[in-house]
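Colleague: Provided below for reference: sequence and predicted model.
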Amino acid sequence: MTWVTGAQDSGFGVQHLPYGVFRIDGGEPRIGVRIGNLVLDLAGAEAADLVLAGGALCQPTLNAFLALGRPQWTAVRQRITELLTDPAHRTAVEPLLVPLDEVRMELPFEVADYVDFYSSEQHATNVGEIFRPGQPPLPPNWKHLPIGYHGRAGTVVVSGTPVIRPQGQRPSREGPVFGPSARLDVEAEVGFVVGVPSPLGRRVAAADFAHHVFGVVLLNDWSARDIQAWEYQPLGPFLGKSFATSVAAWVTPLDALRHAFVPAPEQDPPVADYLRDEPHLGLDLRLTVYWNGEPVSEPPFAGMYWTPAQQLAHLTVNGAALRTGDLYASGTVSGPRRDQVGSFLELTWGGAEPVTVAGAERTFLADGDTVTITATAPGPDGSVIALSAVTGTVLPAR
Ligand SMILES: O=C(O)/C=C/C(=O)CC(=O)CC(=O)O
Ligand SMILES: [Ca+2]
Ligand SMILES: [Mg+2]
């Protein structure tokens, strides 16, 4: 139990303790940990020797801390827990707590490489039916490997950053036309943040997932469906997705999600040896997608066909190195029901079946629309962890 008033049942109690980077009044970026609606200034705490991380907490991003590895991640987390639960530390720690509404959040880590997977069977099936009618919805490789593509690390932005409607080529009956995307969409996903790197030429086993991966962020892979549909064959997503990818400001450590691991769906046909993970576990994260404040969908992450450990093993099976700050996303999270899909492409079935949002009939995103993705996860002793939300508002094309 923390001595911080109001924190315990907020989803941001001591069971959670996500890390982020904040600024006060345009000052230097500082690493902090969230407790309730407060930020514990970890740069201040390390400077005061209240927590020891070899200076890694006095950096402008989380990268140096991410590189330390699991024993240090766990030690720092234990120390922060002690500081926030033992009343003996209250006098020293209280001056380092800053109200959330007095800070501006920054991108928490410098993104090295960014990969996006395609691991929800329901999503892949839906998109296959919408984009490629008359063909088998799942490609023949889908159940043999977690399909993915390399995205654009430099356009990953922190939650709250406005998203400018992209321009590009889109198809029409008279041939391609250039202009603002008319089918701007979202993809509700979960991102995995790599801390410990791996050398070039050596693959990472699925069993080493928790050695390399520090934690998770909610992620929105904004997608211009018209640009995507015209450009993607045969090399995959390119400009239809590279204009912006939003991530939550607070990274939830895997250590906070120990109670959220659940058996993942059984895989048939059996997977290649390097993709076998035992135990085969997914995460029981329950997402909610809000469109202009209205909940429109509740995607269940536990149903993802490929697990994050399998994705990591696949990502490196060719000897590709991992770098601190690598980010890989799950792929759009969609469940079997229409009110469980992670994109508006699916929610409105390619725009053919509009939905009513705040009294208006809608298909894709209009300028001024805001989309927010939240999630909860089971914590210890019946507690609930609230993953930090990822939100963004669409601005008109420039
Ligand atoms: O089926 C397709 O052609 C493309 C699907 C996607 O939009 C790719 C993607 O971002 C993967 C995902 O989020 O699941
Ligand atoms: Ca995606
Ligand atoms: Mg994107």
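Modeller: Yes, it's here. Residues are numbered from 1 along each chain as shown. Ligands and ions are numbered 1, 2, ... in the order given.
Colleague: pLDDT wise, what is Val247 at?
Modeller: Val247 carries a pLDDT value of 99.
Colleague: need phi/psi at it.
Modeller: Per-residue torsions, Val247: phi -120, psi 150 (degrees, to the nearest 10).
Colleague: bridge partners for it, pull those for me.
Modeller: Here Val247 sits in beta bridges with Val158, Leu219, going by DSSP bridges.
Colleague: which ones are touching it?
Modeller: The neighbourhood of Val247, defined by C-beta atoms under 8 Å, 6 or more residues apart in numbering, consists of Leu107, Pro108, Val156, Val157, Val158, Ser159, Gly191, Val217, Leu218, Leu219, Leu327, Val390. For every residue, glycine as well, the C-beta is placed using N, CA and C.
Colleague: what of Ala366?
Modeller: Ala366 is in contact with Val394, counting by C-beta under 8 Å, 6+ apart.
Colleague: ok but it is inside a helix, no?
Modeller: No. Ala366 is assigned coil when assessed by DSSP: H, G, I helix; E, B strand; the rest coil, not a helix.
Colleague: gap between it and Val289?
Modeller: Relative to Val289, Ala366 is positioned 16 Å away (C-beta to C-beta, to the nearest Å).
Colleague: again, but for Leu327
Modeller: On the measure of C-beta to C-beta, Leu327 and Val289 end up 20 Å apart.
Colleague: flag every residue of the protein that's near ligand 2.
Modeller: Asp116, Glu187, Asp221 (C-beta under 5 Å from the ion).
Colleague: 8 Å instead, please
Modeller: Asp116, Phe117, Tyr118, Glu187, Glu189, Asp221, Ser223, Pro237, Lys241, Ala329, Gly331, Thr332 (C-beta under 8 Å from the ion).
Colleague: flag every buried residue along stretch 320-336.
Modeller: Neighbour counts using 16 or more other C-beta atoms under 10 Å place 320, 322-335 of stretch 320-336 among the buried residues.
Colleague: so which of those reach ligand 1?
Modeller: Gly331, Thr332 (C-beta under 6 Å from any ligand atom).
Colleague: nearest to Pro29 among the buried residues of stretch 320-336?
Modeller: Gly325 (15.0 Å; C-beta to C-beta).
Colleague: that closest one: which element?
Modeller: Assigned by DSSP states H and E, Gly325 falls within no helix or strand.
Colleague: what about it, distance to ligand 2?
Modeller: From Gly325 over to ligand 2 the distance is 19 Å, taken as C-beta to the ion, to the nearest Å.
Colleague: likewise Glu266?
Modeller: Going from Glu266 to ligand 2 by C-beta to the ion gives 24 Å.
Colleague: need the phi and psi values for that residue.
Modeller: The phi/psi pair for Glu266 (degrees, to the nearest 10) is phi -60, psi 140.
Colleague: what residues does the stretch 151-300 of the chain put near ligand 3?
Modeller: Residues of the stretch 151-300 of the chain lying near ligand 3 (C-beta under 8 Å from the ion): 151-152, 155, 187, 220-223, 237, 241-245.
Colleague: mind checking which of the residues you listed land in strands?
Modeller: Asn220, Ser223, Thr245 (DSSP state E).
Colleague: just give the closest residue to Val93, not the sequence neighbours.
Modeller: Leu83 (5.1 Å; C-beta to C-beta, 6 or more residues apart in numbering).
Colleague: buried residues in the strand or helix carrying the one you found?
Modeller: Using DSSP H and E, Leu83 sits within helix 70-85. Within helix 70-85, the residues that count as buried by 16+ other C-beta under 10 Å are Arg70, Gln72, Trp73, Val76, Arg77, Arg79, Ile80, Leu83, Leu84, Thr85.
Colleague: Three-state assignment for Leu50, please.
Modeller: coil.
Colleague: so Val21: helix, strand or coil?
Modeller: strand.
Colleague: my guess is it contacts Thr61. True?
Modeller: Yes. Applying C-beta atoms under 8 Å, one finds Val21 in contact with Thr61, separated by 6.1 Å.
Colleague: which neighbours do the two share?
Modeller: In contact with both Val21 and Thr61: Pro29, Ile31, Glu106, Leu107, Pro108, Phe109, using C-beta under 8 Å, 6+ apart.
Colleague: what's the neighbour count on the fourth one?
Modeller: As a burial measure, Leu107 scores 19 neighbours (other C-beta atoms under 10 Å).
Colleague: ok, the last one next?
Modeller: By other C-beta under 10 Å, the residues close to Phe109 number 28.
Colleague: quick one: the residue nearest to it when sequence neighbours are not counted from His211, how far?
Modeller: For Phe109, ignoring the flanking residues on the chain, the nearest one in space by C-beta to C-beta, 6+ apart is Leu62 at 4.4 Å. To His211, Leu62 is 17 Å away according to C-beta to C-beta.
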